[in-house]
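>>> let's see this in three dimensions:
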Amino acid sequence: GASLEERLEFASRLLQEVPLIDGHNDLPWNIRKFLHNRLKDFKFGEDLRNVTPWSNSAWSHTDLPRLKQGHVAAQFWAAYVPCDSQNRDAVQLTLEQIDVIRRLTELYKPSLTLCTSAEDIKAAYGRHQLCSLIGVEGGHSLAGSLAVLRTLYHVGVRYLTLTSTCNTPWADCSHEDMPGKKPEHGGLTNFGKSVVKEMNRLG
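So this is what the prediction gives:
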């Protein structure tokens, strides 16, 4: 079989022809956790393996040099907020996380550019720019409102996971995330199905 070097060289050649899209990255939550979303204190252009607190975190593996080294063409940043924000301030916190993603993208132009479509990704790939895409992790961020879902789409969100690590009033999460708890809804409620239908309509 091929050596490791040969396989890496083949992968590198392939990634110069086909854009690599990473579907989930929790960096925005780390920025909130470590820096309270103060981007002036965030050195995204540096190798953060040598910068605390990033170097001490098992959950932190992302910076601009490593994204470039890994030939990442498009990155979905997760606008994640904890489940304990459900029925409280989940919508506000989600908007704050979307805001930090958009500000980070703006701050690191032209290396980064905001993308909301496959066409955007192809165009950015041709310009050697890294696409920033926004995903929301967990339906608790909707606060049970289709209007919030539509608004998230209008501010650039292009995916929503139905749940994160907790049930919502309209969807059950994985049992693995809630050991000892039983499903409340048997999957999706009628409202949950309307969320899926509306996401499909929005595209």
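>>> in stretch 87-107, what counts as buried?
Residues of stretch 87-107 classed as buried: 90-91, 93-98, 100-102, 104-105 (neighbour count, 16 or more other CB atoms under 10 Å). (Glycine included, C-beta is placed from N, CA and C.)
>>> got it, and stretch 25-39?
Applying a neighbour-count criterion of 16+ other CB under 10 Å, one finds Asn25, Asp26, Leu27, Pro28, Trp29, Asn30, Ile31, Arg32, Phe34, Asn37 buried in stretch 25-39.
>>> what do you get for stretch 126-138?
So for stretch 126-138, counting by 16+ other CB under 10 Å, buried means Gln129, Leu130, Cys131, Ser132, Leu133, Ile134, Gly135, Val136, Glu137, Gly138.
>>> and the furthest pair within the residues you listed?
Of all pairs drawn from the buried residues of stretch 126-138, the greatest distance, 28.7 Å, lies between Gln129 and Gly138 (CB to CB).
>>> all strands for this protein, in order.
20-25, 72-80, 112-114, 130-137, 157-161 (DSSP state E).
>>> so what's Phe76 bridging to?
Leu133 (DSSP bridges).
>>> report the distance from stretch 106-124 to the chain centre.
Its chain's average C-alpha position is 15 Å from that of stretch 106-124, according to CA atoms, centre = their mean, to the nearest Å.
>>> ok, stretch 151-163 next?
Taking mean C-alpha positions (CA atoms, centre = their mean), stretch 151-163 and its chain are 10 Å apart.
>>> first to last residue in it, what's the distance?
18 Å (CA to CA, to the nearest Å).
>>> flag every buried residue along it.
Leu152, Tyr153, Gly156, Val157, Arg158, Leu160, Thr161, Leu162, Thr163.
>>> ok, now stretch 78-86?
Ala78, Ala79, Tyr80, Val81, Cys83, Ser85, Gln86.
>>> one more: stretch 39-58?
Quick answer for stretch 39-58 (16+ other CB under 10 Å): Phe42, Phe44, Leu48, Trp54.
>>> name the residues that touch that stretch?
30-31, 34-35, 60, 62-66, 100, 103-104, 107-108, 111 (CB atoms under 8 Å, 6 or more residues apart in numbering).
>>> separation between Gln75 and Glu137?
Distance of Gln75 to Glu137, given as CB to CB, to the nearest Å: 14 Å.
>>> low-scoring stretches of this structure, by residue?
For the chain, no stretch has pLDDT under 70.
>>> in this protein, which spans are helices?
In the chain, the helices defined using DSSP state H lie at 4-15, 27-35, 64-69, 90-107, 118-126, 146-154, 190-202.
>>> ok so, going back, which one of the buried residues of stretch 78-86 is nearest Met178?
Nearest to Met178 among these is Cys83, at 9.6 Å by CB to CB.
>>> which residues touch the nearest residue to that closest one once chain neighbours are set aside?
Distances taken as CB to CB, 6 or more residues apart in numbering place Cys166 nearest to Cys83, at 3.6 Å, with adjacent residues excluded. Cys166 makes contact with Cys83, Gln86, Gly138, His140, Cys173, Asp177, Met178, according to CB under 8 Å, 6+ apart.
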